[in-house]
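Colleague: Take a look and give me a structure for this.
(one chain, ligands or ions: 2)
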Amino acid sequence: MLWNSVHVFFSFWDLKIDPVLMVCSMKLKPWETYSADLSIDLKKHHVPATFLDKMAYWMVKALRFPTDLFFQRRYGCRAMMLETVAAVPGMVGGMLLHCKSLRRFEHSGGWIKTLLDEAENERMHLMTFMEVAKPRWYERALVITVQGVFLNAYFLGYIISPKFAHRMVGYLEEEAIHSYTEFLKELDKGNIENVPAPAIAVDYWRLPPDATLRDVVLVVRADEAHHRDVNHFASDIHYQGRELKEAPAPIGYH
Ligand SMILES: [Fe+2]
Ligand SMILES: [Fe+2]
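Modeller: Ligands and ions are numbered 1, 2, ... in the order given. This next block holds a predicted model:
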């Protein structure tokens with residue numbers, strides 16, 4: 001009886017259940033997957049012009065120092081840990097715009113979806129890298145601490161100055177591109193084993209079945225370049241004294 005109702009529940013939601021392990025996995029729907037655009041310019045850099053830009057830029061540069069010191073050349077682990085942070089700004093910005101839309105009875109111009117999509121995309125980076133790098137107990141503790149601090153700081157920062165918040169994320173993404181380029185160099189030198197791509201990555205980015213970790217890093221790096229553009233663009237809109245909803249949101253820009 002119990003087994004029957006469990007079975008009905010899992011078939012309704014298209015979940016596959018392993019009767020031995022009692023675990024489930026959900027196949028990604030076609031609209032949750034995409035092919036990454038690898039032609040994007042990886043070198044684009046927003047030259048900090050104003051005091052706020054420079055503050056955002058140097059804040060990100062300063063954050064890189066302890067990160068380099070902690071992870072050194074463990075790029076798989078570094079990527080996994082950084083994705084736990086990278087998935088926060090889109091969710092916070094999206095949520096704040098969502099609440100603003102409710103309060104003011106107005107549309108967001110697609111920006112809620114754009115920012116929430118970014119958060120989901122970053123979370124999928126994390127789901128991918130946790131397949132190839134297993135966090136140690138003290139790294140898990142660090143994630144919890146960093147999330148507690150960063151989420152609250154970003155929340156406050158976004159309320160005070162969204163143009164600063166988006167600019168900072170733009171620079172974080174520029175750093176992420178650099179980190180993944182270093183990751184690729186280590187893979188090419190053979191210092192990191194080029195293992196087969198995790199199944200979740202093959203599904204999500206529609207990669208060939210024989211794709212490797214190198215292919216995954218290439219598509220993730222392209223995603224980061226797209227996030228860089230979205231966030232610098234959002235900051236520029238605020239710099240022009242306009243609200244995000246006044247400019248078309250880059251929906252589906254991967
Ligand atoms: Fe990411
Ligand atoms: Fe990103």
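Colleague: List the contacts of whichever residue of the chain sits closest to ligand 2.
Modeller: Residue nearest to ligand 2 within the chain (Cβ to the ion): His227, separated by 3.6 Å. To be clear about C-beta, it is placed using only N, CA and C from the backbone, and glycine gets the same treatment. Residues in contact with His227, defined by Cβ atoms under 8 Å, 6 or more residues apart in numbering, are 86, 118, 121-122, 169, 173, 176.
Colleague: As a check, name the ranges of all helices in the stretch 51-200 of the chain.
Modeller: For the stretch 51-200 of the chain, helices defined by DSSP state H, counting those that start in this stretch occupy the ranges 51-71, 75-104, 111-129, 137-160, 162-189, 199-204.
Colleague: Not counting its neighbours along the chain, what's nearest Glu193?
Modeller: Leu213 (7.8 Å; Cβ to Cβ, 6 or more residues apart in numbering).
Colleague: and that neighbour, what does it touch?
Modeller: Leu213 neighbours (Cβ under 8 Å, 6+ apart): 132, 187, 192-197.
Colleague: Roughly how far does the closest residue to Glu173 other than its chain neighbours sit from Lys29?
Modeller: Nearest residue to Glu173, sequence neighbours excluded (Cβ to Cβ, 6+ apart): Arg228, at 3.6 Å. Separation of Arg228 from Lys29 (Cβ to Cβ, to the nearest Å) stands at 27 Å.
Colleague: out of those two, which sits in the more crowded spot?
Modeller: A side-by-side neighbour count of Arg228 and Lys29, using other Cβ atoms under 10 Å, places Arg228 first with 25 against 9.
Colleague: in what helix or strand does that one lie?
Modeller: Element membership for Arg228 (DSSP states H and E) is helix 213-239.
Colleague: what is the orientation angle of that helix with helix 75-104?
Modeller: Put simply, helix 213-239 runs at 30 degrees to helix 75-104, going by axes from the mean of the first three to the mean of the last three Cα atoms, to 10 degrees.
Colleague: these two touch, right, Trp111 and Ile237?
Modeller: No. In this structure, Trp111 is not within contact of Ile237 by Cβ atoms under 8 Å, at 9.3 Å.
Colleague: list residues touching both of the two?
Modeller: With contacts taken as Cβ under 8 Å, 6+ apart, Trp111 and Ile237 have Leu244 as neighbours in common.
Colleague: Looking at those two, which one has more neighbours?
Modeller: Neighbours per residue, other Cβ under 10 Å: of Trp111 and Ile237, the larger number sits with Trp111, 26 against 20.
Colleague: could you list every residue that touches that one?
Modeller: Neighbour list for Trp111: 94, 97, 234, 244-245, 249 [criterion: Cβ under 8 Å, 6+ apart].
Colleague: same thing but at 7 Å, please
Modeller: When contacts are counted by Cβ atoms under 7 Å, 6 or more residues apart in numbering, Trp111 touches 97, 244-245, 249.
Colleague: what's the answer for Tyr34, then?
Modeller: When the contact criterion is Cβ under 7 Å, 6+ apart, the partners of Tyr34 are 206, 254.
Colleague: and it, which of the three is it?
Modeller: With DSSP: H, G, I helix; E, B strand; the rest coil as the basis, Tyr34 sits in coil.
Colleague: Around ligand 2, which positions in the chain sit nearby?
Modeller: 86, 173, 224, 227 (Cβ under 5 Å from the ion).
Colleague: hmm, back to that, pick out the lowest-pLDDT one from the contacts of Trp111.
Modeller: Among these, Ala249 has the lowest pLDDT, at 93.
Colleague: hang on, that one packs against Thr114?
Modeller: Yes. With contacts counted by Cβ atoms under 7 Å, Ala249 reaches Thr114, the gap being 4.3 Å.
Colleague: any low-confidence regions in this protein?
Modeller: 1-26 (pLDDT under 70).
Colleague: near ligand 1, which residues of it show up?
Modeller: 83, 86, 122, 125.
Colleague: For Val143, which residues are in contact?
Modeller: 81, 84.
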